[in-house]
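In: How does the following fold in three dimensions:
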Amino acid sequence: MSRSTTTTARRRRRAAVVIAGGLSAAIALSGCTPPAPQSTAPADWELTAQTDAPSGDIDSFTWASYAEPYSLDYAYAFDYADNQVLSNVCESLLRLNPDYTLSPGLAESFSHPTPTTWVYEIRDGVTFHDGTTMTAADVVASMNRHLDPEVGSSWYSVYQNVTSIEQTGDSEVTVTEASPDSQFNLAMGGSAGVVESAATLAEKGADYGNSTGGVNCTGPFSFGEWKSGESITLERYDGYWDTANAAKSGEVTFLFMTDPNARSNALKSGEVDGGWMIPADAVPQLRSSDEGDMLFGLNTAVSSLIVSNLDGPLGDLRVRKALLMALDRQGIVDAALKGYGEPTNALTTPSVWVGASDQGVSDAFDGLEEYPYDLDAAKKLVEEAGATGEEITYLTAPISSDFNVYAQATAAAAQAIGLKAKIETVTPSAYTALFSDPTAREGVDLFYTAWYLSSPDPLEMFSVLRTGEFSNYGEWSDADFDAVVNEAIAIDDPAERSEKTAEAQRIANEQLPWLPLYQAPTTLFLGKRITGVAPSIAFLYAPWAASIGAR
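Out: Below is the predicted model of the structure:
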């Protein structure tokens, strides 16, 4: 969670706003009071909030992506590869800012007149990329797709409490819910709040969002060309409504580079101008590169092992605890991230506890079960569970070298405590399907995720782990947990809600539906030709590429 301290000349050239200190830096941006961090990362790193403003516009730049998007249909955009592109083309009712606050987007304002209604005043003067005017009817059509079972939206959980979405004025949309839901409006800064042309949705049908149908939204870039297996090019939209944040580049091309070594080499050589999610092996070299700057920014992601099969040996809590205790998590951070991160026992980062009370943060993080590295104790738990000799299957992909570290470390840990472990490898695109397609998870016990939150509230993490939720991949169920989360969802006040959310975090820490590994910064390499981006995980929902121009 920091930024390179490269040569003095480079520091002058990029007079970034920085905050030092690993985990505590992310929390400083969020306004929370954290538990004391114990990072083993190099002492000279810093967290960058914003890079220098551009000196002017630029004709184009290129960007490396570890995988081809599954879809640019906002209803299915549910992973890094999808959203880093879509965030520059399509916009939401609210805008998620780099510091993880929300501000007006396509909704000029909103109100909460009753506990079960949210009213959005739709911004005038906004046009889609085909030149047609955005209306409240487009908003209604876009939002209603999440309720359509034929669509099968990945964001249905945000809308599951919604009973109606109606146009209630020339520029007004009212959402009515069956019961109070604090999380709905918070989610309107992400893909769940995207607005698309109703006419385009009807015209494109099943081709909407794919390489032939494209999208027709309101963002600073329009959809240009999608060469399957190769690249996506976006073009500056000159009719963009937010003139102060108009794109400074004529176009941006995302190159699909599934080989982490090829991706790293392209950045080191200057062949590609930048990229998010830098392969860990490349970070030390890129920090000293003359081709640009290695940057570290705010993150909301916790890296965990998702338990996707509770019918196997991991269905026994003792085995889940044993496996976590058999994982040398500090060793994993050192090997996989070169020390740029720290182990955690929680499924959220303090950076998302925006508006939380001091008591809420304390309850959420202080005194959690720590699961220390202890092979002897772990092996005894497996024996007590009668699971000795049983096999687990771990699914991985060649996304970057750290993925191999997680796979090998997990298999070794399982075998050290008496389990058998099988590693299966799939393509990066097939790996992405794990998060949206239940058939892709068949026969899989564990897989890795860097799970980010799409809103400035930790309750989002726990709401998706309730019984029956789309992202509850292992179909874990705990009645006490569900009750706590449901109670928290109905609380509007963020400080009061945080204290109830803390209860959910403690239950998850005890029951381990997912096994938390570590938290680390968002990583970004920015080539020497360009500047202007905020190194924050908000790149998944905010139009980050629009601010990039000539250095």
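
In: Run through the bridge partners of Tyr448.
Out: When bridges are called by DSSP bridges, Tyr448 pairs up with Leu305.

In: Can you tell me how far it is from Tyr394?
Out: 8 Å (C-beta to C-beta, to the nearest Å). C-beta coordinates here come from the backbone N, C-alpha and C atoms, glycine included.

In: joint contacts of these two?
Out: Both Tyr448 and Tyr394 are in contact with Ala407, where contact means C-beta atoms under 8 Å, 6 or more residues apart in numbering.

In: out of those two, which sits in the busier spot?
Out: Set Tyr448 next to Tyr394 and count neighbours by other C-beta atoms under 10 Å: Tyr448 wins out with 24 against 21.

In: From the contact counts, what lies against the helix or strand containing Thr163?
Out: According to DSSP states H and E, Thr163 maps onto strand 162-169. If you count contacts as 3 or more C-beta pairs under 8 Å, 6 or more residues apart in numbering; DSSP states H and E, strand 162-169 packs onto helix 136-144, strand 172-177.

In: what are the C-alpha coordinates of the shortest one, in PDB please?
Out: Read that as strand 172-177. Taking Å, rounded to 0.1, in the frame of the first residue of the first chain, the C-alpha atoms of strand 172-177 are listed here in PDB:
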ATOM      1  CA  GLU A 172     -37.700  11.700 -11.800                       C
ATOM      2  CA  VAL A 173     -37.500   8.000 -11.100                       C
ATOM      3  CA  THR A 174     -38.800   6.400  -7.900                       C
ATOM      4  CA  VAL A 175     -37.600   3.000  -6.600                       C
ATOM      5  CA  THR A 176     -39.900   1.300  -4.000                       C
ATOM      6  CA  GLU A 177     -38.700  -1.500  -1.800                       C
END
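
In: Pull the residues that contact the helix or strand following it.
Out: Note on strand 172-177: by DSSP H and E, the next helix or strand toward the C-terminus is helix 182-186. With contacts defined as C-beta under 8 Å, 6+ apart, helix 182-186 is touched by 94, 102, 110, 112, 118, 158-159, 161-162, 175, 177, 455-457, 459-460, 463, 488-492, 494, 497.

In: ranges for the strands of the stretch 151-300 of the chain?
Out: 162-169, 172-177, 221-227, 231-236, 249-256, 274-276, 292-297 (DSSP state E, counting those that start in this stretch).

In: if we can go back for a sec, can I get the buried part of the contacts of helix 182-186 as one ChimeraX selection?
Out: Only the buried entries of the contacts of helix 182-186 go into this ChimeraX selection, using 16 or more other C-beta atoms under 10 Å:
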select :94,102,110,118,158,159,161,162,175,177,455,456,457,459,460,463,488,489,490,491,494,497
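
In: Just the ones of the contacts of helix 182-186 in strands?
Out: Mapping those onto strands (DSSP state E) picks out Leu94, Leu102, Phe110, His112, Trp118, Val162, Val175, Glu177.

In: With respect to per-residue confidence, which of those residues is lowest?
Out: Ranked by pLDDT, those bottom out at Leu102, which has 94.

In: isn't it right up against Pro494?
Out: No: assessed by C-beta atoms under 8 Å, Leu102 is found out of contact with Pro494, at 11.7 Å.

In: Can you tell me which of the strands of the stretch 151-300 of the chain is most buried?
Out: Using mean count of other C-beta atoms under 10 Å, the stretch among these with the largest mean neighbour count is strand 292-297, at a mean of 27.

In: Sheet-wise, list the partners of that strand with their directions.
Out: strand 522-527 (antiparallel).

In: And the partner strand, how far out from the chain middle?
Out: Centroid displacement of strand 522-527 relative to its chain, using C-alpha atoms, centre = their mean, to the nearest Å, is 16 Å.

In: who touches it?
Out: Outside strand 522-527, the residues touching it (C-beta under 8 Å, 6+ apart) are 51, 61, 267, 270, 272-278, 282-283, 286, 289, 291-299, 301, 340, 533, 535-537, 539.

In: for this protein, which spans come out with low pLDDT?
Out: 1-44 (pLDDT under 70).

In: Leaving out sequence neighbours, find the closest residue to the residue nearest the centre of it.
Out: Most central in the chain under C-alpha atoms, centre = their mean is Tyr452, positioned 3.2 Å from the mean C-alpha point. Closest residue in space to Tyr452, ignoring its immediate chain neighbours: Ala301 at 4.1 Å, by C-beta to C-beta, 6 or more residues apart in numbering.

In: Distance of the one you found relative to Ser351?
Out: Taking C-beta to C-beta, one finds Ala301 at 10 Å from Ser351.

In: Which one's more surrounded, these two?
Out: Neighbours per residue, other C-beta under 10 Å: of Ala301 and Ser351, the larger number sits with Ser351, 29 against 22.

In: surely the more buried one meets Leu298?
Out: Yes: contact criterion C-beta under 8 Å: Ser351 and Leu298 qualify, at 5.9 Å.

In: quick one: secondary structure of the closest residue to Arg466 other than its chain neighbours?
Out: Excluding the flanking residues, the one nearest Arg466 by C-beta to C-beta, 6+ apart is Asp482, at 5.0 Å. Secondary structure state of Asp482, per DSSP: H, G, I helix; E, B strand; the rest coil, is helix.
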